[in-house]
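**Q** Quick one, structure for this:
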Amino acid sequence: MAKKKRTSNNNRNFSPMRPETRLRHGAIWVEKYSNQHIIRDYRKKFKLSVLETLEDLYKLDVLSEEKYDELVAAEYKNQNPTKKKRGKKAKEIKEKQEYEVVDPWESEFCLVMGYTSNGAPYGIRWDEL
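**A** This next block holds a predicted model:
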């Protein structure tokens, strides 16, 4: 008999509950909660992204407005823009390295007048000056 395929848990950013229902259940859950890591545990419980979690906890009056703004700003700072900068920076370095191809004859010739049909350069050498 064939084995069943396992389903992956790649939809962690998807919450199966409607926001209104989640907020009602969240209010009950917050009242019973007694640990220090409320943001982490709320996120795990309801399978939310960090920004959704912060928004819900702000609506439930668990986070103050200052704390909410601070955490949202920190979350946006930690997201993709830094990765994009790294990608651009790496691309610029790669392009720069591509253009820095050194001609092996550059050290022998003072002036390269041209190239033969086989690709060998001819011109004035440093020795001839």
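**Q** what residue ranges in this protein score low on pLDDT?
**A** 1, 7-15, 79-87, 94, 96-106 (pLDDT under 70).
**Q** And it, split by domain according to the record?
**A** 19-77, 81-125 (automatic domain parsing).
**Q** winner for burial among those?
**A** domain 19-77 (a mean of 14; mean count of other CB atoms under 10 Å). (Each C-beta comes from the backbone N, C-alpha and C, glycine too.)
**Q** quick one on the thing from earlier: in JSON lines, list the domains of the chain along with distance to K3.
**A** Below are these laid out as JSON lines (distance: least, CB to CB, whole Å):
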{"stretch": "domain 19-77", "distance to K3": "27"}
{"stretch": "domain 81-125", "distance to K3": "38"}
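**Q** right, so of those domains, which gets closest to R6?
**A** domain 19-77 (18.0 Å; CB to CB).
**Q** Between the two ends of the closest one, how far is it?
**A** Using CA to CA, to the nearest Å, the end-to-end distance of domain 19-77 comes to 25 Å.
**Q** Same question for stretch 33-51.
**A** Note: stretch 33-51 ends 20 Å apart using CA to CA.
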